[in-house]
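J.: okay, sequence plus prediction incoming.
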Amino acid sequence: MNNNFGGKTLKRKVWKKVITSILLLIFSAVFSVYFANKSVFFISERKVPIYSVDTQEKKVAITFDVNWGDDNTKSILDTLDKYDIKATFFLIGNWIDDYPEQAKEIYKRGHEIGNHSNSHPDMAKISMEKIKKDINIAEGKIFNLIRSNSKLFRFPSGSYNDSAVTAAEEMGYYCIQWDVDSVDWKEEGEEKEYNRVMKKTKPGSIILFHSDSKYTPKTLPRIIKDLKEKGYEFVKVGELIYKENYNIDANGRQIRK
């Protein structure tokens, strides 16, 4: 009797351990999946620009960094006209100096102009004073171009730190990055650039291209056509982002409060 009782007690202890272990594994798995999905909603404690917008609407913004040369500007504008799309062009001041007529044409065709600095410095490595001075110089050129001030700013090469974001925000700008990078500046080929954009685009995405990259004029029409077929609408960044009552999470996703 005692041996039987002891055996049953031992079995109960073993089963308790097995059940406890199983429950812990299940809890751990659910916990991991939950926070993998929800981590996007944790608000960032550091200064982060807007990389994308949290929305259920299938709206995205196409953006172009305009830094050097004008080889593809007309071709890109013609493509956007063909598909009746308005995009956002981030111009550096030095480019406006070199290509004033092309800069005017971008605005004339109804596209949004953003500030991309004057001389394209690494703003993570210079003082707030120098950052503000550089941005102001570019803004003066943009004002002369469009007779209004831009409210959007993009860091040169996407390089920033807390001080850089603070400086731009203190000047009244929404700092805009991107969550879909064509990496067209590497000029790796049409298929790579096309697949990269199509794979990563989702509602609220901000897509990055460069106006002087080799394959952009060839990939752009295909990307626009195929995203339209998937039900996406293209809007300017200023129409995509929330202007007030929002938070930005650790991944740079802008979330309405």
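T.: Yep, it's here.

J.: check which residues of the helix or strand that contains residue 79 are buried.
T.: For residue 79, the host element (DSSP states H and E) is helix 73-82. Across helix 73-82, burial judged by 16 or more other C-beta atoms under 10 Å covers 73, 76, 77, 79, 80. To be clear about C-beta, it is placed using only N, CA and C from the backbone, and glycine gets the same treatment.

J.: pull the helix or strand following that helix out as PDB, backbone CA atoms only.
T.: Scanning forward in sequence from helix 73-82 by DSSP H and E, the next helix or strand is strand 88-91. This file holds the C-alpha atoms of strand 88-91, laid out as PDB (Å, rounded to 0.1, in the frame of the first residue of the first chain):
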ATOM      1  CA  THR A  88       7.300  64.700 -52.700                       C
ATOM      2  CA  PHE A  89      10.700  66.000 -53.800                       C
ATOM      3  CA  PHE A  90      13.300  66.800 -51.200                       C
ATOM      4  CA  LEU A  91      15.700  69.300 -52.700                       C
END
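
J.: for the helix or strand just after strand 88-91, packing partners?
T.: Following strand 88-91 in sequence order, the next helix or strand is helix 93-98 (DSSP H and E). Counting contacts by 3 or more C-beta pairs under 8 Å, 6 or more residues apart in numbering; DSSP states H and E, helix 93-98 packs against helix 128-146.

J.: hmm, try it at 10 Å
T.: Counting contacts by 3 or more C-beta pairs under 10 Å, 6 or more residues apart in numbering; DSSP states H and E, helix 93-98 is packed against strand 59-66, helix 100-108, helix 128-146.

J.: the helix holding residue 79 vs strand 59-66, what angle?
T.: Interaxial angle of helix 73-82 relative to strand 59-66 (axes from the mean of the first three to the mean of the last three C-alpha atoms, to 10 degrees): 160 degrees.

J.: so residue 135 touches residue 152, yeah?
T.: No: Residue 135 is beyond contact range of residue 152, at 11.5 Å (criterion: C-beta atoms under 10 Å).

J.: list residues touching both of these two?
T.: The contact sets of residue 135 and residue 152 overlap at 115, 116, 168, 173 (C-beta atoms under 10 Å, 6 or more residues apart in numbering).

J.: mind listing what the third one touches?
T.: Contacts here follow C-beta under 10 Å, 6+ apart; on that basis residue 168 touches 47, 49, 115, 117, 123, 128, 131-132, 135, 152-155, 160, 174-176.

J.: how close does it sit to residue 174?
T.: 9 Å (C-beta to C-beta, to the nearest Å).

J.: also the second one?
T.: When distances are taken as C-beta to C-beta, residue 116 and residue 174 turn out to be 13 Å apart.

J.: higher neighbour count, those two?
T.: Per other C-beta atoms under 10 Å, whichever of residue 116 and residue 174 has more neighbours is residue 116, with 28 against 20.

J.: can you count the residues close to the spatially closest residue to that one that is not a sequence neighbour?
T.: In this structure, residue 116 finds its nearest non-sequential neighbour in residue 90, 3.8 Å apart by C-beta to C-beta, 6 or more residues apart in numbering. Look at residue 90: counted by other C-beta under 10 Å, it has 28 neighbours.
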